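> dropping the sequence and predicted coords here.
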Amino acid sequence: MMRATLLENGLVVDGSGDPAWHGDVLIAGDRILRTGVGLRQRLPAGIAVSDLDVVDCRGLAIAPGFIDAHTHDDAIVLRDPACLPKLSQGITTVVTGNCGISLAPFVTEAAKPPLTLLGAGSFRYPTMAAYRDAVLAARPSLNVAALVGHTTLRFAAMGDLSQPASADERARMAALLDACMAGGAHGLSSGLFYEEAYPAPADEVTQLARIVARHGGVYATHLRSEMAQIIEALHEAGDTAFEAGVPLVISHHKCAGPANWGRTRETLPLIESLAARQPIAMDVYPYVAGSTVLREDLVDGVIDVMLTWSDTHPEHTGRMLSAIAEEWGVDQKTACRRLQPGGACYFQMNEEDVERVIAHPRTMIGSDGLPHDRHPHPRLWGAFPRVLARYWRERQLFTLEQAVHKMTGLTARNFRIAGRGLVRPGMLADVVVFDPSRVADTATYDVPVSASVGIEAVYVNGVRSFSASDRSQVLQRAGRMLTRETGHVV
C-alpha cells in the first residue's frame, strides 16, 4: 500500500487563472494523483484510508508552489540548502542566473563586481553539468531552474571586458553557452546595465541568443537602461530576441529615478506593441526600492540609499547613506566611494508605476533578493506574501486567481518549466497551503530577516518541507535541479 497525502476541503487555486473551487487534492509520491470533491470516499486502487495523511484545509487555499521568476540564489542553494527565506514564502522553485550573472560556466578565486552578488568564493563550476551535480549533491529544499549569464560568459571568455568581444571571444562564449544549454540550462540572461556587459553591442547578445533558440530556451534581460534611455533599451531587447527567434523576459521592469516616474504609461504600451510580433513577458518585485552593488552613478543626492553591506565600513550596514555622509562631513558620492565595495537599496521607483507593472497580465513575480547581503532588502523574505497581502487583498489590483497565476502557471509557461505551476492530476506535487485572510510579509527595511505569516504548509515534490507550526526550520529537503526536457532530474 502507498502512503499518500490528502489536502481536504480547501479553496483550490490551480495556477491557471481559472476560477477557484472548493475541494480536495490527493498527493502520492512526487505527483498530484487526483483533484476533486470527496476524494476520501473514492480513493484509487492501492491507497486505503489508513494510508492517508489527511490535512484539513478548511478556510485555506491550496495552490501550486510559487515559482520565483527572478533570483540570485545560484550559490545559496549550495551553501545553505535549507533556503528558509524562500520556502517560508511558499516558493518551491527558483530561477537562478539572472541579470547576466550565473555561477556556471566560470572558475575564479577572486570574483569581481557584479559577480560578487553571488557571494565570494562561489565560482567553482566550469560547466552547467558541474553546477547541476553540485545542486543534486546539496539537495536543496527548492527546485532550481538555471539561466546562463552573459556577463559570466564574458568573464570566462574575455581578457578585457571594457570592449566588445572579438570574433574568437564570441566563438568561445558560444561554445560555452551551447554546452550549458545541452547540460539543461533554461536560457540566457543579460545585464547590459552593468559596466562589465555595457560595452557589448546588441549583435553580441543576439548571436548568443540564437544558440538559446536552437535549444528551445528563453532570453531574460536586465535592460541596458531603466532610466532616461528605457524606450531605446526596450527596443534593443525586443529586437535582440526577435532576430534570434527566442522568447523575451524583461527583468524587474521599472522606470527608475524621479525624472522617469510615470513612464510606465509609455513602456507598457510599447511592450504590448512588441508582443504583437514576438513572445514577451516581464517580472517585477513588489517594492519601490531596488538593490544591487554600491554604485556612485546611482547616488544622486535625491533618492534615499540604504547600505546593505560594506567591506570597508561594515559598522554602517543598514544605515542611510545620507546619514553616513552627514556624519563624515562629506557629500553622498564621496561617502559612497569610501564604503566600496558594498551593496545598497536604492529607493528609485514610484508606487503608481509598481502598481501598473504588477497588474499587467504579462507580469510574473520575482523576488530579486540578494541572499549574501548582510542587511538584505526585505524582498528576500517577503516578496510573494506581500503581493497577496498588499496588491490582492488590500489594493485589489487583481483577483486571487490572477495573483496566484502570476506566481505559478504563468512563470512555468514562460520559462518552460515542465510539469509544474498547476494543481492538476499528473503534475509534480509542488504545493503551498496558505490562509488568504492573513497571509502577509513581515520583513521590513529596518528588520529584513523575518518570516512571513499565513503560509501554513509547503510541499516540494510531494514532500512536506515547511510548516507554520515552526517557521524557524525546514522539515525536509526534496528539491531538484530542473531541465527543459523532463522538468526534473532524478
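Cool, got the structure.

> per-domain residue ranges of this structure.
Using automatic domain parsing, the domains assigned to the chain come out as 4-64+425-437+447-467, 66-288+348-414, 289-347.

> and these, which is most packed in?
Comparing the domains of the chain by mean neighbour count (mean count of other C-beta atoms under 10 Å), domain 66-288+348-414 comes out on top with a mean of 22. From N, CA and C alone the C-beta is placed, and that goes for glycine too.

> could you work out the end-to-end span of it for me?
Terminal residues of domain 66-288+348-414 lie 14 Å apart, using C-alpha to C-alpha, to the nearest Å.

> could you find the closest non-adjacent residue to the most centrally placed residue in the chain?
Computing the C-alpha centroid of the chain and ranking residues by C-alpha atoms, centre = their mean puts residue 70 first, at 2.1 Å. In space, and not counting its chain neighbours, residue 70 is closest to residue 366: 2.7 Å by C-beta to C-beta, 6 or more residues apart in numbering.

> next, the contact list for the one you found, please.
Residue 366 makes contact with 68-71, 95, 98, 251-252, 283-285, 383, according to C-beta atoms under 8 Å, 6 or more residues apart in numbering.

> where does the prediction get shaky in the protein?
1, 485-490 (pLDDT under 70).

> need the helices for it, in chain order.
In the chain, helices defined by DSSP state H lie at 76-79, 84-87, 128-138, 150-157, 167-182, 202-214, 230-244, 264-275, 321-328, 332-339, 351-359, 379-386, 400-407, 409-414, listed in chain order.

> let's have those in JSON lines, adding distance to residue 473.
As requested, the helices of the chain are exported to JSON lines (distance: least, C-beta to C-beta, whole Å):
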{"stretch": "helix 76-79", "distance to residue 473": "17"}
{"stretch": "helix 84-87", "distance to residue 473": "7"}
{"stretch": "helix 128-138", "distance to residue 473": "17"}
{"stretch": "helix 150-157", "distance to residue 473": "33"}
{"stretch": "helix 167-182", "distance to residue 473": "34"}
{"stretch": "helix 202-214", "distance to residue 473": "38"}
{"stretch": "helix 230-244", "distance to residue 473": "41"}
{"stretch": "helix 264-275", "distance to residue 473": "40"}
{"stretch": "helix 321-328", "distance to residue 473": "35"}
{"stretch": "helix 332-339", "distance to residue 473": "35"}
{"stretch": "helix 351-359", "distance to residue 473": "31"}
{"stretch": "helix 379-386", "distance to residue 473": "15"}
{"stretch": "helix 400-407", "distance to residue 473": "24"}
{"stretch": "helix 409-414", "distance to residue 473": "27"}
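
> these: which one's closest to residue 476?
helix 84-87 (10.5 Å; C-beta to C-beta).

> export that closest one as PDB, just CAs?
The C-alpha trace of helix 84-87 is given here as PDB (Å, rounded to 0.1, in the frame of the first residue of the first chain):
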ATOM      1  CA  LEU A  84      14.300  29.200   4.500                       C
ATOM      2  CA  PRO A  85      13.800  32.700   3.300                       C
ATOM      3  CA  LYS A  86      12.200  31.300   0.100                       C
ATOM      4  CA  LEU A  87      10.500  28.200   1.400                       C
END
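
> who's in contact with that helix?
Contacts of helix 84-87 (C-beta under 8 Å, 6+ apart): 68, 71, 73, 94, 141-142, 367, 369, 371, 380-381, 449, 451, 458, 460, 465-466, 472-474.

> no further queries at this time; thank you.
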